[in-house]
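*Asks:* Got a predicted structure here, sequence first:
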Amino acid sequence: MSKSSLFLSHRDCLSHGGLEHPESRRRLDAILEASWEKLPTGIDLSRDRLASRSELLGVHTSDYVDRLFAWEGKAGEIDFETPMTAGSVRAARLAVGLAFDLLDQVLAGDVKNGFVFARPPGHHARPNQGMGYCLLNTVALTAQRALDRGLKRVLILDWDVHHGNGTQEAFYEEDRVFFVDLHQDDLFPKNSGAAAETGRGKGLGYTLNLPLPHSCRDTDYLYVLQTVVQPRVSAFRPELILVSAGFDAHISDPLGSMSLTTLGYRHMTQTLKNWAEEFCEGRLILNLEGGYDPMALAANGFQCAEVLASTEPEPAVDWGDPREDLSDWIAAVRTQLLKQPTEQAP
């Protein structure tokens, strides 16, 4: 298999939304201005791949897709947080199409991993409704495409500071997708993403919500990944890892209250890359979600891409001890996990 990485974006993803909105084109402008020449491969802006109506029905309802398509070329809003401009529908379809393109190349063995830098984000988009800045759920649609292509076990890990409620809803009764969500407790959406939300029916135990206390640092995130998430991933043995890569848990982000740094994001990416190498021949795809300090977003995204493209692992770091109250928090989460039937939970 090729060991190359592929990084995709498109300038038409700049045409969604207004400059006054937190989810503005400034986010993608900053990413595209990053020093891509420092990587073995740059960012490919040439692929004009739009997801079709039928492809969007993999997750979204026909009624919602038709309502969304009716917005083509128009301005307005889905809700007060989710504005639409003339280029919004095309931008959202491009975000999904680029993710499909990358998935197809990863599954074919043409590339090993990659990152799609597109907007609008997607993880809040429910099957029947956009919300929270999101129009189409790119990561959920990509996971469904992978299942349709014959994969039996897909891991979605969402590290955005907000809960990926739309992704959870799409797979809440599905045992072929293991959805893991690390988010700031009780941030957005309200009353969403509690540790007790673990799936339903055959999907019971295949949703793992980790609502973290505010102000968690690099040490805390990495500790939770290693002690809580990694054993479950090892039991699940994914054939593909997808990441909802939001960067709004960064210490400088205006919409969250976490304390991650760029170094922390590098090492979280390395952790997931290690899992991908162990379980699924390196198949790892990151899709951009949130992150509302444009300069920090660009730095974080570029550094994660650098880890994906590197042939050398990240050097070890002495992170110190996690915060004292994490032990009690982890015990409470594990109490919820013990309530799940062991034969069903990965």
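*Replies:* Alright, I've got the coordinates.

*Asks:* those strands in the stretch 201-346 of the chain, which residues are they?
*Replies:* For the stretch 201-346 of the chain, the strands defined by DSSP state E, counting those that start in this stretch cover 207-212, 240-245, 284-288.

*Asks:* Could you dump these into JSON lines with mean neighbour count, mean pLDDT and distance to Gly114 added?
*Replies:* Where C-beta positions appear, they are placed from N, C-alpha and C, glycine not excepted. Output for these, formatted as JSON lines (neighbours: other CB atoms under 10 Å; pLDDT from 0 to 100; distance: least, CB to CB, whole Å):
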{"stretch": "strand 207-212", "mean neighbour count": "23", "mean pLDDT": "96", "distance to Gly114": "25"}
{"stretch": "strand 240-245", "mean neighbour count": "26", "mean pLDDT": "99", "distance to Gly114": "11"}
{"stretch": "strand 284-288", "mean neighbour count": "28", "mean pLDDT": "98", "distance to Gly114": "6"}
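
*Asks:* Compare these and report which one is nearest to Ser9.
*Replies:* Closest of these to Ser9 is strand 284-288, at 8.7 Å (criterion: CB to CB).

*Asks:* sorry, back to before: and of the strands of the stretch 201-346 of the chain, who's closest to Asp148?
*Replies:* Comparing these by CB to CB, strand 240-245 comes nearest, at 12.5 Å.

*Asks:* Quick check: neighbours of that closest one in the sheet, parallel or antiparallel?
*Replies:* Strand pairing for strand 240-245, determined by DSSP bridges: strand 154-158 (parallel), strand 284-288 (parallel).

*Asks:* Name all residues that make contact with Val116.
*Replies:* By CB atoms under 8 Å, 6 or more residues apart in numbering, Val116 lies in contact with 7-9, 95, 98-99, 102, 138, 285-288.

*Asks:* hang on, Phe302 packs against Leu32?
*Replies:* No. With contact defined as CB atoms under 8 Å, Phe302 does not reach Leu32; the gap is 10.5 Å.

*Asks:* Same question for Thr142, what's its three-state structure.
*Replies:* Using DSSP: H, G, I helix; E, B strand; the rest coil, the structure places Thr142 in helix.

*Asks:* got a list of what it touches?
*Replies:* Shown in contact with Thr142 (CB under 8 Å, 6+ apart): 96, 99-100, 103, 242, 285, 287.

*Asks:* before we move on, back to that, and the strands paired with strand 240-245 as JSON lines, adding distance to His16?
*Replies:* Listed next are these as JSON lines, based on distance: least, CB to CB, whole Å:
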{"stretch": "strand 154-158", "distance to His16": "21"}
{"stretch": "strand 284-288", "distance to His16": "13"}
